[in-house]
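>>> structure for the following, please:
(4 chains)
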There are 2 protein chains.
Amino acid sequence: MNGRFPIALHILTLLSKSGEELTSSDYIAGSININPALARKEISNLRNLGLISSKEGKSGGYTLGKSAKQITLADVYQAVKNQPVLGVAKNTPNPDCPVGKQINKKIDELYIDLDKTLLKKLGSISIEDFANQFD
Amino acid sequence: MNGRFPIALHILTLLSKSGEELTSSDYIAGSININPALARKEISNLRNLGLISSKEGKSGGYTLGKSAKQITLADVYQAVKNQPVLGVAKNTPNPDCPVGKQINKKIDELYIDLDKTLLKKLGSISIEDFANQFD
DNA sequence: CTTTACTGTAATATTTATTATTACAGATGA
DNA sequence: TCATCTGTAATAATAAATATTACAGTAAAG
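Below is the predicted model:
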């Protein structure tokens, strides 16, 4: 797993705190303490999904794309998700083994079930909720 | 995230299917289709946790360390877990930023909460349940 | 008691994934 | 027309996961 979820959450928390005011990618990268190009890349992703709005040019920057109350951690999770949370093995199990032949399908089904559980929990927490924890 | 969870699950499913009969690491590695040394490494971990029993020497091999009914997917998850499922960023957030200063703590708390949710779900599924899905 | 077939484990190489860096085109306001 | 931003791609550096090799130790079987 990579660090995209915590980084996206950090970005959205900052924007939630800033309200209507535009925040620059340099400020965001400085708070997270990562490379600005990397921050802009994640911002770009979140913008494509409508979670962030941007303004180009001088005095440009970012705001949330919708209210902090409307964005949940499930949205963040889905925005950055690449692989099932419990991991995927890169092997191809032996098709001549009764277990090997079917296990990938069974694991897929399990993962769908787990995802539902996780999404339900994450969907119950908004960015507003999360950001309100900060002083 | 790595592929240890599906691999451990595969191993335990095979042993559940074999019952009292000893299964060799080569057979296990062959079913998963990974390197035998890698399979033995994971087996070794599961054995240290009591999920697997082993017998050395000629005609040695492995069986489950307790009944398939007593092992849940929560045990498997905890056996292979290294990092929080939603990932950890490697940056150290800016301590001069109100959000940066506190976010790691808040993320930790969130992750503990998510883990509880996940463990509850995983704890409701036994290896027996999982293995029974196979022909 | 020696061969054979296993487990147990470490050391190392290879491959893949993640993150950082650099660079620059395009937009907009001053 | 300059300064300050976003947007994005290409590439380099680093870190993590996986594969491979090797061999010591143990127990059964002849």
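>>> around DNA strand D, pick out the residues from chain A.
A:24-26, A:37, A:40-41, A:43-44, A:47, A:54-62, A:87, A:89-91 (C-beta under 7 Å from any atom of the strand). (Each C-beta comes from the backbone N, C-alpha and C, glycine too.)
>>> so which of those sit within helices?
A:Ser25, A:Asp26, A:Ala37, A:Arg40, A:Lys41, A:Ile43, A:Ser44, A:Arg47 (DSSP state H).
>>> and the residues you listed, which two are furthest apart?
A:Asp26 and A:Arg47 (16.6 Å; C-beta to C-beta).
>>> quick one on the thing from earlier: neighbour count added to the ones in helices among the residues of chain A next to DNA strand D, as a markdown table?
Output for these, formatted as a markdown table (neighbours: other C-beta atoms under 10 Å in any protein chain shown):
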| residue | neighbour count |
| --- | --- |
| A:Ser25 | 21 |
| A:Asp26 | 12 |
| A:Ala37 | 9 |
| A:Arg40 | 17 |
| A:Lys41 | 13 |
| A:Ile43 | 24 |
| A:Ser44 | 12 |
| A:Arg47 | 15 |
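>>> before we move on, the earlier item: out of the residues of chain A next to DNA strand D, who's near DNA strand C?
Restricting the residues of chain A next to DNA strand D to those near DNA strand C - C-beta under 7 Å from any atom of the strand - leaves A:Ala37, A:Lys55, A:Glu56, A:Gly57, A:Lys58, A:Ser59, A:Gly60, A:Lys90.
>>> what's the angle between the longest helix that chain A contains and helix B:98-123?
Assignment by DSSP H gives helix A:98-123 as the longest helix of chain A. For helix A:98-123 against helix B:98-123, the angle by axes from the mean of the first three to the mean of the last three C-alpha atoms, to 10 degrees is 140 degrees.
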